[in-house]
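Asker: I'll drop the sequence and a predicted model, then ask my questions.
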Amino acid sequence: MFRRTFWFTAGAAAGVWATTKVNRKIKQLTPESLAAQAADKAIEAGHKLKDFALDVREGMVRREAELGGALGLEAPVDPELPVRAHYAVEAADPDRAATHRKLPYNSNNRNEDH
């Protein structure tokens with residue numbers, strides 16, 4: 001009699017435990033839960049990417065300071081010298097300062113990658 005009661009109780013406990021596990025897993029696999037998990041992972045990845053970018057920027061500033069010191073570019077700037085704006089593209093016509101010259105584009109050139 002005691003053995004039957006023991007095994008009945010053990011079976012009931014195992015059934016309750018298994019049902020709880022299955023219900024918990026089913027709740028994790030609902031679309032809302034999966035979307036929330038994906039959003040959490042995306043936010044975490046964004047934070048890691050931001051930390052990486054900040055580390056890279058810090059390293060760039062440090063290296064630029066090292067190179068500037070080695071090349072003697074740390075000299076003070078004379079405030080009397082005029083500062084010229086540098087444009088990436090030159091103006092094609094002085095009368096049309098807003099219009100910029102474009103680089104030549106040859107669409108027939110098939111050796112672009114070589």
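Answerer: Cool, the structure landed.
Asker: Could you use CA atoms for every contact and neighbour count after this?
Answerer: Noted.
Asker: For L71, give its distance to T20.
Answerer: From L71 across to T20, the span is 69 Å (CA to CA, to the nearest Å).
Asker: er, A45 actually
Answerer: Plainly put, A45 is 32 Å away from T20 if you go by CA to CA.
Asker: tell me, how many neighbours does L54 end up with?
Answerer: Other residues near L54 come to 12 when the count uses other CA atoms under 10 Å.
Asker: distance of it from R63?
Answerer: Distance from L54 to R63, by CA to CA: 14 Å.
Asker: Please enumerate the strands of this protein.
Answerer: Here the chain has its strands, by DSSP state E, at 91-93, 96-100.
Asker: May I ask which helix or strand of this structure has the lowest mean pLDDT?
Answerer: Every helix and strand in the chain was compared by mean pLDDT, DSSP states H and E; the lowest is strand 91-93, with a mean of 50.
Asker: all helices of this protein, in order?
Answerer: Using DSSP state H, the helices assigned to the chain run over residues 2-28, 31-71.
Asker: mind checking which of these is nearest E80?
Answerer: Within the helices of the chain, the stretch nearest E80 is helix 31-71; the backing value is 22.1 Å (CA to CA).
Asker: Now do that closest one against helix 2-28: the angle between them, please.
Answerer: 60 degrees (axes from the mean of the first three to the mean of the last three CA atoms, to 10 degrees).
Asker: Below-threshold pLDDT in this structure: ranges please.
Answerer: Within the chain, the segments meeting pLDDT under 70 span 74-79, 81-114.
Asker: if I look at A53, how far off is W7?
Answerer: For A53, the distance to W7 - CA to CA - is 60 Å.
Asker: Show residues contacting stretch 30-43.
Answerer: For stretch 30-43, the external contacting residues (CA atoms under 8 Å, 6 or more residues apart in numbering) are 27-28.
Asker: could I have it exported to PDB, CA atoms only?
Answerer: The C-alpha coordinates for stretch 30-43 follow below in PDB (Å, rounded to 0.1, in the frame of the first residue of the first chain):
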ATOM      1  CA  THR A  30       4.400  33.100 -28.500                       C
ATOM      2  CA  PRO A  31       4.800  35.800 -31.200                       C
ATOM      3  CA  GLU A  32       4.700  38.600 -28.600                       C
ATOM      4  CA  SER A  33       7.400  37.000 -26.500                       C
ATOM      5  CA  LEU A  34       9.600  36.300 -29.500                       C
ATOM      6  CA  ALA A  35       9.200  39.900 -30.600                       C
ATOM      7  CA  ALA A  36      10.100  41.100 -27.200                       C
ATOM      8  CA  GLN A  37      13.200  38.900 -27.100                       C
ATOM      9  CA  ALA A  38      14.300  40.100 -30.500                       C
ATOM     10  CA  ALA A  39      13.900  43.700 -29.500                       C
ATOM     11  CA  ASP A  40      15.900  43.100 -26.300                       C
ATOM     12  CA  LYS A  41      18.700  41.400 -28.400                       C
ATOM     13  CA  ALA A  42      18.600  44.300 -30.900                       C
ATOM     14  CA  ILE A  43      18.900  46.900 -28.100                       C
END
